[in-house]
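Engineer: Have a look at this fold, sequence not included:
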């Protein structure tokens, strides 16, 4: 087991190296960047240097004057020592900005993930146990509709109904207009109030696939021989489903949940942007659109690490939860 | 001919009537027909298929039927208040220089100071100037006996087009007007000024004097004296409206508005103007209204569907071809080739695709890539980021297929490797491929729409369902114009849902063991 984990970790490092290199090469070879925008602005000012001279100076200042490979290894060296550079767009160290926004995204992600589980697992099991019933069809269509719903369209609909027509929520942002006048409890509830719609969006958009996953797995288990045996023994149907079948459904579920945990840190790029919630997703969206290389690099590599970590966790959990699985 | 054929068939049936092979006793369906039968038995999948067919007809044929084209602009006439003229009571000195004399702005300022001090002479840069008071608020400036120019407040205007008021005319008229004289003779001409400020030169109507400046907003409009006088009267009465009967006998009405900061009255005229028919509500001519640019929404929706569907198909085609080739090679050869390709797949899996596409979209924005080329790039990028999933699936299938007997048979018959992979292995993966492509289409369409929504995908003048909804970013549109974004969203939702339903149905039909 330990050998397997070590092997996987080493492999992940190699993959990460290449991923980082590809991303770095891509970011560097884009013909326009934040630097050019700044250089253009500066060269517009009366009596200023030419655009080329500004570009040269800024490239040297920001360490962009080296080639892609040289620049990459310099970046990698700094990254390894925990020096993630300064964000150009936010003009603060990348990690500082990251630290200040990531927890909001994590809390948002965690709440919606828990809600998804609470909704998806029971519904998935009901749909599987009552296969081909009306409930099954309703749940399946609901799940598929959730998967097919474009985030931005659903968010716009929610805004129209709850913000414009009913006036229950604000259209944008995390804090209300009178946030500064509130006491700490009031501040907490104000923020929570502003998070209701983003979390609803997240839950509805992603609950569908989880529900289908539950249903498929439950169906697979229900078709297994030991369930037939349990029924043949004359066990109560409830006991068959909630005692024998459900426990076995938990195996793939736990694996999947474990694998999704790192992803909670990655933030919801689109949803946060739609609601202007200053989480990691929205923050990096702005940085990326502005061509802020240090911040984008950090965010993309961070996402890649989360993906690798998620895969690793789910593979390990698979072996831990299910004693039948032995990994070499 | 047909009779012959029938006879032959009957003969064949007759001759086979007596052999009771198993395949003669039961009705035989080809595997394809079985799949179709199972598919059509699934009600939800059929609903999905119907929706898809409807969407295809809507987007591809609808665009041809629609009487409008995708970027046709519509106009409406609108009453708009436009500035017609402006009126201001002149309280500042105005200056004019005598012919062939220098009377610069610095000197003008010195003159103004001297007037304030009521001095008769002043010195500037050790040159002495004399200031003569010719009348009320009317001065002439001279240096060493030659007149340099005049400073005055009342304005002399010509009575009609074509008359030019010379310096001498101006001097004579102002001199008389500021001294409240009715007549003056100057340089051989006789000027008469009546009570209203009208000026006659040698008995002919020449111009008029007034302390108000009236300017037309447009260069080609000449304001008659009557108009100006009535306007001035209305302004002095602080009226909000002004009516004037023109030479053609038509009464025009104008709104008067005072700008307190500059003390200028603007005269606004309601005029019929042709404007873009933006955000008009659904009507008989435009079933879904018009959009921000004054284009027919329903037509845009049809063309948008075309773009969204075509992009979805091309992207899926690119990633499927790439995925099948890579997956096929990887699964067939195994060993280090497999290892290498699978690590590449791992790397691609790890690259966060949405952020990468956003970054590339923003870069294309900055480069001002042409919208058509941009669409091609978008398809290439999405296709190139989508292949690893398909490669992984194909490889997994081929790994198990290549161990089966029919592969040993192909090896024994000495078929070439590429033939073995692409003629014998890949066709066996086609069912799974069709399912994953159908499901993938929905996802691709959503990705494209999301990008277009963020303004980083398909760009104007092309429509796509995503960039139609983009208008919602304007909160006013979100609140007031549902017909702009809800139809596009519904189209998007139903299409993607239909793709998913059909994909589900196909999967169940291809592989009944996997049924739900």
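Structural biologist: Received the coordinates, thanks. Fair warning: this is a prediction, and the values are worked out from it, not measured in the lab.
Engineer: Pull out the buried positions in the host helix or strand of residue A:28.
Structural biologist: Per DSSP states H and E: residue A:28 is located in helix A:2-29. Buried residues in helix A:2-29, counted by 16 or more other C-beta atoms under 10 Å in any protein chain shown: A:8, A:12, A:15-16, A:18-24, A:26-28. For the C-beta atoms, the positions are set from N, CA and C on the backbone; glycine is no exception.
Engineer: List the buried residues for the following helix or strand past it?
Structural biologist: For helix A:2-29, the following helix or strand on the C-terminal side (DSSP H and E) is helix A:34-44. Within helix A:34-44, the residues that count as buried by 16+ other C-beta under 10 Å are A:34, A:35, A:36, A:38, A:39, A:42.
Engineer: Check stretch B:68-80 too.
Structural biologist: Under the neighbour-count criterion of 16+ other C-beta under 10 Å, stretch B:68-80 has B:68, B:70, B:74 buried.
Engineer: Return the closest of the residues you listed with respect to chain A.
Structural biologist: residue B:70 (21.6 Å; C-beta to the nearest C-beta).
Engineer: so which strand or helix has the residue nearest to the closest one when sequence neighbours are not counted?
Structural biologist: Using C-beta to C-beta, 6 or more residues apart in numbering or on different chains and skipping the chain neighbours, the partner closest in space to residue B:70 is residue B:303 (4.1 Å). If you go by DSSP H and E, residue B:303 is part of helix B:297-333.
Engineer: sorry, back to before: verify the stated contact: the residue nearest to residue B:70 with residue B:463.
Structural biologist: Yes. Using C-beta atoms under 8 Å, residue B:303 makes contact with residue B:463 at a distance of 4.9 Å.
Engineer: How about the residues of the stretch 251-400 of chain B by chain A?
Structural biologist: Within the stretch 251-400 of chain B, the positions adjacent to chain A are B:343, B:346-347, B:349-352, B:354-356, B:358-360, B:362-363, B:366-367 by C-beta under 8 Å from any C-beta of the partner chain.
Engineer: Might you report the residue contacts of the nearest residue to residue B:75 once chain neighbours are set aside?
Structural biologist: Spatial nearest neighbour of residue B:75, excluding adjacent residues (C-beta to C-beta, 6+ apart): residue B:274 at 5.1 Å. For residue B:274, the contact set (C-beta atoms under 8 Å, 6 or more residues apart in numbering or on different chains) comprises B:75, B:76, B:77, B:78.
Engineer: Okay, the first one and residue B:289: tell me how far apart.
Structural biologist: The reference is to residue B:75. Residue B:75 sits 15 Å away from residue B:289, going by C-beta to C-beta, to the nearest Å.
Engineer: ok, now the last one?
Structural biologist: According to C-beta to C-beta, residue B:78 and residue B:289 sit 16 Å apart.
Engineer: Run the chain-centre distance for stretch B:179-196.
Structural biologist: How far stretch B:179-196 lies from its chain's middle: 61 Å, per C-alpha atoms, centre = their mean, to the nearest Å.
Engineer: Would you mind measuring the gap between the ends of that stretch?
Structural biologist: Stretch B:179-196 has an end-to-end distance of 15 Å (C-alpha to C-alpha, to the nearest Å).
Engineer: what comes up buried for it?
Structural biologist: Buried, per 16+ other C-beta under 10 Å, within stretch B:179-196: B:184, B:191, B:192, B:193.
Engineer: contact partners of it?
Structural biologist: Contacts of stretch B:179-196 with the rest of the structure, by C-beta under 8 Å, 6+ apart, involve B:134-136, B:168-169, B:171-173, B:175-177, B:199-203, B:206, B:208-209, B:229.
Engineer: ok, back up a step: which one of the buried residues of helix A:34-44 is nearest chain B?
Structural biologist: In terms of C-beta to the nearest C-beta, no member of the buried residues of helix A:34-44 lies closer to chain B than residue A:36, at 7.9 Å.
Engineer: Excluding sequence neighbours, find me the nearest residue to that closest one.
Structural biologist: Of all residues not flanking residue A:36 in the chain, residue A:55 sits nearest, at 6.8 Å (C-beta to C-beta, 6+ apart).
Engineer: Now the strand or helix carrying the one you found: average pLDDT?
Structural biologist: Assigned by DSSP H and E, residue A:55 falls within helix A:51-61. The pLDDT scores in helix A:51-61 average 78.
Engineer: got the buried residues for stretch B:90-100?
Structural biologist: Within stretch B:90-100, the residues that count as buried by 16+ other C-beta under 10 Å are B:93, B:95, B:97, B:98.
Engineer: quick one: residue A:151 and residue B:501, what's the gap?
Structural biologist: Distance of residue A:151 to residue B:501, given as C-beta to C-beta: 20 Å.
Engineer: So if I had to pick from the two, which one is more boxed in?
Structural biologist: Between residue A:151 and residue B:501, counting by other C-beta atoms under 10 Å in any protein chain shown, residue B:501 is the more crowded of the two (27 against 22).
Engineer: And the residue nearest to the more buried one when sequence neighbours are not counted, how close does it get to residue B:495?
Structural biologist: Distances taken as C-beta to C-beta, 6+ apart place residue B:48 nearest to residue B:501, at 2.9 Å, with adjacent residues excluded. Distance of residue B:48 to residue B:495, given as C-beta to C-beta: 10 Å.
Engineer: Same question for residue B:115.
Structural biologist: Distance from residue B:115 to residue B:495, by C-beta to C-beta: 79 Å.
Engineer: Between these two, tell me which one has more neighbours.
Structural biologist: More crowded of residue B:115 and residue B:495, by other C-beta under 10 Å: residue B:495, with 29 against 17.
Engineer: show me the contacts for the more buried one.
Structural biologist: With contact taken as C-beta under 8 Å, 6+ apart, residue B:495 is in contact with B:51, B:52, B:55, B:305, B:308, B:309, B:442, B:445.
Engineer: Who has more neighbours out of residue B:303 and residue B:463?
Structural biologist: residue B:463 (26 against 23).
Engineer: Could you find the closest non-adjacent residue to the more buried one?
Structural biologist: The shortest distance from residue B:463 to any non-neighbouring residue, by C-beta to C-beta, 6+ apart, is to residue B:304 (3.8 Å).
Engineer: can you check residue A:23 too?
Structural biologist: residue A:300 (4.9 Å).
Engineer: List the contacts of the residue in the stretch 201-350 of chain B positioned nearest to chain A.
Structural biologist: At 4.4 Å from chain A, residue B:350 is the closest residue in the stretch 201-350 of chain B, using C-beta to the nearest C-beta. Contact analysis of residue B:350 by C-beta under 8 Å, 6+ apart lists A:15, A:16, A:19, A:304, A:307, A:308.
Engineer: and if you look at residue A:309?
Structural biologist: Taking C-beta under 8 Å, 6+ apart as the criterion, residue A:309 is in contact with A:12, A:262.
Engineer: host element of it?
Structural biologist: Per DSSP H and E, residue A:309 falls inside helix A:293-321.
Engineer: and that helix with helix A:34-44, angle?
Structural biologist: In terms of direction (axes from the mean of the first three to the mean of the last three C-alpha atoms, to 10 degrees), helix A:293-321 departs from helix A:34-44 by 170 degrees.
Engineer: ok now helix A:293-321, how far from the chain's centre?
Structural biologist: 11 Å.
Engineer: Pull out the buried residues from that helix.
Structural biologist: So helix A:293-321, judged by 16+ other C-beta under 10 Å, has buried residues A:293-318.
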